[in-house]
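>>> got a structure for you, letters missing:
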């Protein structure tokens, strides 16, 4: 486990760095950085997945295979995004990662250029700002495919607590349930298959903390199967 003092120092440094590392107003996230690292330090948590080495190997193999197999699909999505709306195909979103460390998470752009970068549930007039192609990508979860690169390089896992925006209500709740921060964030997770965007921020934090305490490769496989079911059914979609 990374030394919490080092994590705290990194957060303090990165909270004041330019937009390329954190967000449009990085200084505003410094209090959050302190809250998260203080919560981790006071809880003295360490809940490594029982199969963490196998889990990491599984992540690398599956994400690498998916990137190869799905590269034609991703190329088509790329062309569809740039040809139907103004702006780049990819959107780099600042997220809170493992141990509260910030990182940049890529997604296929689903909203018009200039839309506010905030939690989907809190965005006013979100429906009007989602592009035609973006609506389809969100419904099928295809906007998340570029995150396979994050899995391959170790910023994320296939299954884990979702990486949240610094100002997401769920990020604040994780101060109360810091166990969620001990795992690599995932493309999908327990909260996503338990109601997706219809789950309250507090319940998401509780579910993510439960996952951190119970994580295993078999649990991940179970959640992957449930993820496919949720995507097909559209349950909890916003």
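Perfect, I can see it now. On a predicted model such as this, the values are computed, not experimentally measured, just so you know.
>>> distance from the centroid: which residue in this protein tops it?
Residue farthest from the centre of the chain, counting by Cα atoms, centre = their mean, is residue 83 at 26.6 Å.
>>> ok, now which ones touch the residue nearest the centre of the chain?
Nearest to the geometric centre of the chain sits residue 163, at 2.7 Å (Cα atoms, centre = their mean). Going by Cβ atoms under 8 Å, 6 or more residues apart in numbering, residue 163 touches 95, 96, 97, 103, 105, 156, 185. Any C-beta I mention is one placed from the backbone N, CA and C, and that applies to glycine too.
>>> quick one: the residue farthest from the centre of the chain and residue 224, what's the gap?
Separation of residue 83 from residue 224 (Cβ to Cβ, to the nearest Å) stands at 32 Å.
>>> check which helix or strand covers residue 225.
Taking DSSP states H and E as the definition, one finds residue 225 inside helix 217-233.
>>> From the contact counts, what lies against that helix?
Other elements packing on helix 217-233 under the criterion 3 or more Cβ pairs under 8 Å, 6 or more residues apart in numbering; DSSP states H and E are helix 52-69, strand 157-159, strand 186-188.
>>> Minimum distance to residue 114: which of the ones you listed has it?
Across the helices and strands packed on helix 217-233, residue 114 has its closest neighbour in strand 186-188 (26.5 Å, Cβ to Cβ).
>>> So in that sheet, which strands flank that closest one, and in what orientation?
strand 157-159 (parallel) (DSSP bridges).
>>> tell me which element the closest residue to residue 105 other than its chain neighbours falls in.
Leaving aside its chain neighbours, residue 105 sits nearest to residue 95 (4.5 Å; criterion: Cβ to Cβ, 6 or more residues apart in numbering). Taking DSSP H and E as the criterion, residue 95 maps to strand 90-96.
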